[in-house]
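>>> Got a sequence here, can you build the structure:
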Amino acid sequence: MRIGDGYTGPEMVSTTAWIAAAAVLSIGLALTAGAVIWQQQRAGVEARGLQERQVERLQGDVVKRLTMPVYGLKGARGALAALEGRFTREAFDAYVESRDLPKEFPGVRGFGFIEKVARSDLDSFVAARQREGSTGFRVHGTGTDPTLYVVTQISPFSRNFAAWGIDSGAEPVRREAIERAIDTGEASLSAPVRLVQDPLKGPGFMMLVPVYRQGHDPGTAVQRRAALLGLLYAPLVANELLHGVAEPAAPLLDLKLSTRAANGEFKPLLALREGQSLSLEEAAEYSLADAPSVESVSFSVAGREFMLESALTHDATLRLLGLSGIGLELGGALLSLLLAVTVYLLAAGRARAEQMARGMTADLARLARVASHTTNGVLITDPERHIVWVNDGFTRLSGYASAEALGHLPSELLHSELTDADTVHGMREAMNVGLGCKVELMHRARDGRDYWVDIEIQPLHDDSGTLTGFMIIESDITARKQLQAQADEARQSLQDLYDNAPCAYYALDQNGRFLQINALGLNWLGCTAEELIGQATPADFFDAEGRKLFSEAFPRFKREGRVSGLEFDVTGRHGQTRRVSLSASAVYDADGRYLRSRSVMFDISETHRIRQQLHQLTLDQEAMLESDLVGIAKLRGRLTVWRNHALERMFGYGDGELLGVPARQLYADDTSYETLGALAYPQLKAGGRFRTQLQMRRKDGSLIWVDLAGVELPGSDGASLWMMVDITQSKAHEARMERAALHDALTGLPNRLLLGDRLKQAIAGAERSGHVFALAYLDLNGFKQINDSHGHDAGDEVLKAVAARLHAGLRASDTVARLGGDEFVVLLTPAAASTDAEPVLNRLLDALMQPITLSSGVQVSVGSSLGLAHFPVDGATPDALMRHADEAMFANKRAGRARARTS
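Numbering: from 1, shown residues only. Below you'll find the predicted structure:
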């Protein structure tokens with residue numbers, strides 16, 4: 001209806017107008033449908049591309065973080081090759097300390113070295129390590145396999161103490177990775193395991209690199225096993241390794257990263273749902289299989305298979321797929337319907353728009369005042385992320401004034417080498433698709449100061465939904481980050497002190513079961529925390545006596561609240577036994593009910609062993625001091641202040657008679673007393689021992705031979721301890737044995753052995769002085785006829801008489817010896833000239849020619865054949881002189897001189 005033109009009825013619309021309107025509407029709807037289809041396809045392609053780029057980046061980050069430890073281990077392998085296969089603990093620690101583990105290898109708790117050991121060689125292997133200086137080295141956690149893979153090096157030692165000496169091959173998962181690394185010669189990543197270094201007991205891995213002799217890969221699996229020197233390994237804590245890796249993708253994707261476990265199933269490592277991290281228990285139940293944009297990617301790292309599942313979040317799906325198509329569809333469908341009323345809307349809406357603009361201007365002014373005075377930094381950028389406005393809070397945080405910031409990218413002004421590139425990349429990806437995000441990032445201020453900020457990015461749209469820029473709100477969280485770092489360090493330090501204290505800490509519930517225990521306690525008991533907590537009591541590791549004591553002491557402890565000094569023998573499941581001292585205090589609730597114990601257990605094995613040794617030593621000393629064979633006296637100032645009963649019996653005194661008596665009373669004379677004092681006491685004061693044999697006097701005046709030994713007692717103000725053994729009988733026997741060994745039994749003359757010794761002495765003396773000496777060999781003539789005629793007894797009488805005449809005719813420096821039968825040797829020493837011996841020998845021959853009266857009254861006579869040798873003319877050695885004299889004697893004997901005759 002038209003107003004004011006006088007027309008009051010409905011306006012007639014021509015058929016052509018209706019047909020044209022219908023045609024325009026049909027064409028518009030067709031074009032709209034085509035545009036919707038095209039827009040959905042393009043949005044889907046872009047969404048998949050964006051999803052693939054995020055997944056590819058995430059996959060690359062995971063591979064990089066898992067692979068980086070391999071380079072560190074290969075560096076250690078190179079250092080080991082340079083040391084010719086011998087990695088001392090000092091050299092290994094030096095290499096590890098040269099690497100910045102938290103920065104270079106996040107998630108790596110340390111580097112270690114594993115050696116292959118046959119079970120039959122285990123004792124000698126441990127002994128060898130202890131001889132090399134690792135006195136505390138023990139092998140624990142062993143399985144039943146004949147081959148062990150023992151961790152012999154681990155650094156940093158304080159964080160990895162529990163792994164030192166562990167048999168890594170005892171667990172099938174670890175063993176499979178070890179053997180795969182050995183046989184392939186390549187780095188090998190184990191299936192998920194629990195690491196003794198991780199107090200949170202989350203999933204972890206072992207990265208292993210084999211090391212062969214001569215530093216190169218032999219080629220085949222058999223050759224590799226034969227040439228194996230050991231394996232370098234790194235324990236990886238999955239939670240620390242993957243920390244922050246998924247944050248850039250959190251605004252865009254739901255994620256689930258899993259790895260294939262030893263049983264063939266995939267075990268989750270991390271999961272994100274709508275930007276929130278899930279716990280491992282929640283991740284196990286989380287599935288992306290039904291998500292419309294789900295994609296699954298499998299990849300391998302060091303022989304371990306991983307699976308990364310991803311799907312667009314609900315918000316990202318609406319943003320990238322749903323809203324784009326719906327908006328175009330509704331817009332195209334309504335466009336034709338709105339054409340008829342466009343003029344009306346333009347005319348009627350103009351006033352409304354102006355009113356709304358005035359209201360929006362007021363709102364923006366109020367918002368600008370709030371933004372300008374807030375303590376947070378606020379930036380507004382255009383769609384290309386160039387800064388178009390900043391508030392005063394931004395200037396206070398960064399030091400950049402508004403004029404300095406406008407037109408710049410935030411990254412151009414605020415980037416620091418400490419800024420995490422992955423987080424920045426994730427922010428850009430989100431902003432590229434018009435999404436917001438919330439992250440924590442390190443920035444650098446204008447004055448070079450680094451500071452932490454919590455960043456919230458919100459996209460800005462106009463009324464038509466077009467992206468006009470971004471609002472970035474920054475909150476300074478530097479102080480919180482510093483406090484968090486200090487708290488983390490303090491927690492780690494406390495955990496390290498707790499786990500690696502030189503004693504076992506633990507707590508027991510009201511039934512005596514373990515509630516908590518530190519790493520050293522687990523090491524002593526040879527168990528994991530899962531095997532102990534809520535499952536076992538300390539009594540399970542005690543012997544029968546210890547279990548009885550524990551059953552009596554624990555109820556009393558719960559009542560009284562304290563116990564100390566209890567001692568037990570504890571045997572771990574690895575078979576090692578140690579003596580421990582246990583002390584504890586109880587924790588009660590407000591009503592006085594027992595809650596738990598605070599228990600500490602000290603290893604006193606060495607102290608207990610020393611106590612036992614001292615006790616046994618005391619018993620042994622008491623037994624020795626009261627010995628019936630050894631007399632013992634304690635002297636001070638050479639007065640007897642203590643003695644045992646054996647000493648009194650040895651010297652013939654009654655009980656107590658020797659107490660307070662001067663030691664002089666036991667000596668044979670003053671000379672022996674004073675001589676021993678002068679020799680012994682300076683040696684004792686110098687810390688030495690003194691021992692001698694001498695004759696001492698008994699109470700009845702008789703002399704006995706004593707083996708005397710003394711030592712000064714330390715810390716006793718000059719007191720000395722003397723031990724005496726009566727050796728009178730052995731001395732007499734010794735004298736008899738010595739005479740029998742060196743003298744002829746019939747004549748008492750020196751025998752061949754003693755003659756040889758004196759002949760050597762004569763040669764040595766003659767060489768020193770330049771004198772000569774003579775050696776005469778005598779053989780009796782006619783002795784056989786006397787034996788045949790008068791018997792062997794008569795012959796013995798003749799030999800004794802000849803020996804007496806020869807001995808009587810010699811000087812004290814001369815020697816006459818019987819060699820056997822009727823052969824005698826005379827040694828005349830010393831002599832100024834060789835002719836000096838002839839008068840002496842002539843006298844001896846004359847004496848031998850005199851008749852001998854036998855006990856039967858018969859007189860007999862013997863002659864002698866004599867051979868003479870002179871030193872050094874006839875020989876310079878005993879054998880040469882004896883041989884020359886013997887030959888000269890036989891020459892005279894053949895001449896027939898001095899034959900025997902019977903009267």
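>>> mind checking how far Lys256 is from Asp422?
Using CB to CB, to the nearest Å, Lys256 is found at 19 Å from Asp422. (Each C-beta comes from the backbone N, C-alpha and C, glycine too.)
>>> Settle it for me: which of those two has more neighbours?
Lys256 (24 against 16; other CB atoms under 10 Å).
>>> isn't that one right up against Phe266?
No. Lys256 is not in contact with Phe266 according to CB atoms under 8 Å; the separation is 9.3 Å.
>>> Tell me the predicted confidence for Leu346.
Listed pLDDT for Leu346 reads 44.
>>> Over to His243?
83.
>>> Am I right that it falls within a strand?
No. Remark: His243 does not belong to a strand; assigned using DSSP: H, G, I helix; E, B strand; the rest coil, it is coil.
>>> Chain neighbours aside, what residue packs nearest to it?
Pro106 (7.0 Å; CB to CB, 6 or more residues apart in numbering).
>>> Secondary structure class of the one you found, three-state.
coil.
>>> That one: neighbouring residues, count only.
Using other CB under 10 Å, Pro106 has 18 other residues around it.
>>> okay but Met68 is in contact with Phe105, surely?
Yes. Here Met68 reaches Phe105: they are 5.3 Å apart, a contact under CB under 8 Å.
>>> In terms of neighbours, single out the busier of those two.
Set Met68 next to Phe105 and count neighbours by other CB under 10 Å: Phe105 wins out with 23 against 18.
>>> Correct me if wrong: the more buried one contacts Pro69.
Yes. With contact defined as CB under 8 Å, Phe105 reaches Pro69; the gap is 5.0 Å.
>>> Is Glu176 in a helix, a strand, or coil?
Note that with three-state DSSP, the state of Glu176 is helix.
>>> Do you know the pLDDT at it?
pLDDT, Glu176: 92.
>>> Quick check: nearest residue in space to it, chain neighbours excluded?
Nearest one to Glu176, counting by CB to CB, 6+ apart, is Ala262 at 7.0 Å.
>>> can you tell me which residues contact that neighbour?
If a contact means CB atoms under 8 Å, 6 or more residues apart in numbering, then Ala262 has 172-173, 176, 191 as its contacts.
>>> Among those, which pair sits farthest apart?
Greatest spatial distance in the contacts of Ala262: Pro172 and Ala191, 9.4 Å, computed using CB to CB.
>>> okay, those two: which has more neighbours?
Ala191 (21 against 12).
>>> got the end-to-end distance for stretch 809-826?
Using CA to CA, to the nearest Å, one end of stretch 809-826 lies 11 Å from the other.
>>> Now do the same contact list for Glu701.
Quick fix: residue 701 reads Gly, not Glu. With contacts defined as CB under 8 Å, 6+ apart, Gly701 has no neighbours.
>>> same thing but at 10 Å, please
Neighbouring residues of Gly701 by CB atoms under 10 Å, 6 or more residues apart in numbering: 652, 668.
>>> ditto for Gly141
Contacts of Gly141 by CB under 10 Å, 6+ apart are 148, 150-151, 162-163, 165-171, 196, 522-523, 526-528, 572-574.
>>> Please report how far it lies from Ala170.
5 Å.
>>> which residues are in contact with both of the two?
With CB under 10 Å, 6+ apart, Gly141 and Ala170 have common neighbours 148, 150, 574.
>>> Could you report the pLDDT at the first one?
pLDDT recorded at Leu148 is 93.
>>> Hmm, it is touching Thr142, no?
Yes. With contacts counted by CB atoms under 10 Å, Leu148 reaches Thr142, the gap being 6.0 Å.
>>> Look at these two and report which has more neighbours.
Leu148 (24 against 19).
>>> which residues of the stretch 501-650 of the chain fall in strands?
504-508, 514-517, 562-571, 577-588, 594-603, 631-636, 639-643 (DSSP state E, counting those that start in this stretch).
>>> what's the answer for the stretch 751-900 of the chain, then?
According to DSSP E, counting those that start in this stretch, the strands that the stretch 751-900 of the chain contains are 772-781, 815-820, 823-831, 852-853, 859-861, 863-871.
>>> can I get those in JSON lines with mean pLDDT, distance to Gln492 and mean neighbour count?
Converted to JSON lines, the strands of the stretch 751-900 of the chain look like this (pLDDT from 0 to 100; distance: least, CB to CB, whole Å; neighbours: other CB atoms under 10 Å):
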{"stretch": "strand 772-781", "mean pLDDT": "91", "distance to Gln492": "92", "mean neighbour count": "24"}
{"stretch": "strand 815-820", "mean pLDDT": "92", "distance to Gln492": "91", "mean neighbour count": "20"}
{"stretch": "strand 823-831", "mean pLDDT": "88", "distance to Gln492": "91", "mean neighbour count": "22"}
{"stretch": "strand 852-853", "mean pLDDT": "91", "distance to Gln492": "109", "mean neighbour count": "16"}
{"stretch": "strand 859-861", "mean pLDDT": "90", "distance to Gln492": "112", "mean neighbour count": "18"}
{"stretch": "strand 863-871", "mean pLDDT": "90", "distance to Gln492": "91", "mean neighbour count": "23"}
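>>> where do the helices sit along the stretch 451-600 of the chain?
With helices called from DSSP state H, counting those that start in this stretch, the stretch 451-600 of the chain shows them at 478-500, 519-525, 529-532, 544-560.
>>> mind putting these in a markdown table, distance to Lys64, mean neighbour count and mean pLDDT included?
Below are these laid out as a markdown table (distance: least, CB to CB, whole Å; neighbours: other CB atoms under 10 Å; pLDDT from 0 to 100):
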| stretch | distance to Lys64 | mean neighbour count | mean pLDDT |
| --- | --- | --- | --- |
| helix 478-500 | 24 | 12 | 77 |
| helix 519-525 | 31 | 23 | 90 |
| helix 529-532 | 32 | 16 | 89 |
| helix 544-560 | 53 | 14 | 91 |
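>>> Contacts only, for Trp452.
418, 440-443, 475-482, 484.
>>> now, the most widely separated pair of those?
Leu418 and Ser475 (18.3 Å).
>>> Looking at the two, which is more packed in?
Using other CB under 10 Å, the more surrounded residue of Leu418 and Ser475 is Ser475, with 17 against 11.
>>> ok so, going back, will you turn the strands of the stretch 751-900 of the chain into a markdown table that also has distance to Ser300?
Shown next, in a markdown table, are the strands of the stretch 751-900 of the chain (distance: least, CB to CB, whole Å):
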| stretch | distance to Ser300 |
| --- | --- |
| strand 772-781 | 98 |
| strand 815-820 | 96 |
| strand 823-831 | 98 |
| strand 852-853 | 116 |
| strand 859-861 | 117 |
| strand 863-871 | 96 |
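>>> looking at those, which is closest to Ser551?
Among those, strand 815-820 sits nearest to Ser551 (CB to CB), with 85.1 Å.
>>> still on that earlier bit, quick one: which of the contacts of Ala262 is nearest Glu738?
Pro172 (75.0 Å).
>>> Please, which helix or strand holds the closest residue to the closest one other than its chain neighbours?
Nearest residue to Pro172, sequence neighbours excluded (CB to CB, 6+ apart): Ala262, at 6.7 Å. Under DSSP states H and E, no helix or strand contains Ala262.
>>> Run through the bridge partners of His743.
On the basis of DSSP bridges, His743 is bridged to Pro750.
>>> My guess is it contacts Ala735. True?
No. With contact defined as CB under 10 Å, His743 does not reach Ala735; the gap is 11.6 Å.
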